[in-house]
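Enquirer: below: sequence and its predicted model.
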Amino acid sequence: MEGDPDLTEKNKAVIKLLATAILLAQESTEVPKTDLSAESLKTTARVFNFVQQTIYPASVELSPGIRFDVPPSKQDKKFYSFSQIGCGANAVCCLATASSGAVCVLKIFHQREEPGKELAAEEFLNWRNVYKVHKVNNWTFIRSAEIRGIHFLVLPYFSVPRNKEERESFMEGNETSKLWKALAQMANQGYAHDDLKWHHVGDMWGAANKRNRDGGKLLDNNTKKAYLFDLGKVSKLAECDRKKWVTDSFEMLKSRAGFDCE
């Protein structure tokens, strides 16, 4: 991938296409799932191949584009990493898809061998503990994986509110808001997020996004639900402290909704 001048224009096109696809995923709520797919995507990606136990760059063509409304399945063994969407002290997160175009995030840990394995295992367990009541479509593909000493997680893709207006939409209704419900969901499982910021809050398409029986207009319940993610740092939360943590966390995020870098 490096040192190839022919990729410059291709990369610009890919960035434009990704931006368009993300915009569609965030704003399209009145169309069937298949209409959320981008046009055919042909680009260079880094391939994570579970079967061959290899990671390598390759040309990739996804005829359905990136499908932001569909998660990978347990059967998927090959993932294409397109672009970095986040970087922390322990790992980098990349926008990725399965071969079908089903979207996900690869969280790739910086440390190899045992240190990386421990970090990946801990966060994998946190996902299972916090969202254990969601053993349905969107959660069955969460997994911890290793290829030749490199450890990573396959995780859901979330759309993050990027500005004050989008963040305020997560808080509309206060205790009935998407943000409050996301905080309460974690607290009710007995956990607190120890590194809570706006870029650790996002929403995704729910299983209710389907057509009615006669194939006509989408049902009114095709709404998005908010979740807290980046679960490397969570702690146990006593039942008597749950309501206070939810209230304090909500007010903290509310006070920081206008900050550009959160």
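Expert: In hand now; what should we look at?

Enquirer: next, the residue most central in space within the chain: phi, psi?
Expert: By CA atoms, centre = their mean, the mean C-alpha position of the chain lies nearest to residue 157, the distance being 2.1 Å. Geometry field for residue 157 lists phi and psi as phi -90, psi 130, criterion degrees, to the nearest 10.

Enquirer: now it. Nearest residue, chain neighbours left out?
Expert: On the basis of CB to CB, 6 or more residues apart in numbering, the spatially nearest residue to residue 157 that is not a chain neighbour turns out to be residue 103, at 4.4 Å. Quick note: C-beta positions are derived from backbone N, CA and C, even for glycine.

Enquirer: residue ranges in the stretch 151-262 of the chain under the pLDDT threshold?
Expert: Applying pLDDT under 70 to the stretch 151-262 of the chain flags the ranges 205-223, 260-262.

Enquirer: so residue 56, which of the three states?
Expert: strand (DSSP: H, G, I helix; E, B strand; the rest coil).

Enquirer: so what pLDDT did it get?
Expert: As summarised for this prediction, residue 56 has a pLDDT of 95.

Enquirer: pretty sure it contacts residue 44?
Expert: No - here residue 56 lies out of contact with residue 44, judged by CB atoms under 8 Å, at a distance of 11.0 Å.

Enquirer: more crowded one of those two?
Expert: Neighbour tally, residue 56 and residue 44, criterion other CB atoms under 10 Å: the higher count belongs to residue 44, 17 against 10.

Enquirer: and the more buried one, that's in a strand?
Expert: Yes - when three-state DSSP is applied, residue 44 is found to be in a strand.

Enquirer: test my guess that it contacts residue 60.
Expert: Yes - using CB under 8 Å, residue 44 and residue 60 qualify as a contacting pair, with a distance of 7.0 Å.

Enquirer: run through the helices of this structure in chain order.
Expert: For the chain, applying DSSP state H gives helices covering 7-27, 113-130, 164-171, 178-188, 242-255.

Enquirer: how about the contacts made by the closest residue to residue 188 other than its chain neighbours?
Expert: Closest residue to residue 188 apart from its sequence neighbours, by CB to CB, 6+ apart: residue 242 at 6.8 Å. Each residue near residue 242 by CB atoms under 8 Å, 6 or more residues apart in numbering is listed here: 184, 187, 188, 190.

Enquirer: in contact with residue 153, which residues are there?
Expert: If you count contacts by CB under 8 Å, 6+ apart, then residue 153 has 106, 107, 120, 123, 124, 127, 142, 143, 144, 145 around it.

Enquirer: name the nearest residue to the third one, ignoring sequence neighbours.
Expert: With CB to CB, 6+ apart as the measure, residue 151 is the residue that lies nearest to residue 120, at 4.2 Å, once sequence neighbours are left out.

Enquirer: who's that neighbour bridged to?
Expert: Here residue 151 shows beta-bridge partners residue 146, assigned using DSSP bridges.

Enquirer: how near is it to residue 48?
Expert: Using CB to CB, to the nearest Å, residue 151 is found at 11 Å from residue 48.

Enquirer: for stretch 193-202, measure first residue to last.
Expert: Distance between the boundary residues of stretch 193-202 (CA to CA, to the nearest Å) amounts to 14 Å.

Enquirer: which parts of it are buried?
Expert: Neighbour-count burial for stretch 193-202, counted by 16 or more other CB atoms under 10 Å, picks out 193, 196, 198, 200, 201, 202.

Enquirer: next up, the contacts around the fifth one.
Expert: Right, residue 201. Under the criterion of CB under 8 Å, 6+ apart, the contact list for residue 201 reads 160, 161, 170, 179, 182, 226, 227, 228, 229, 253.
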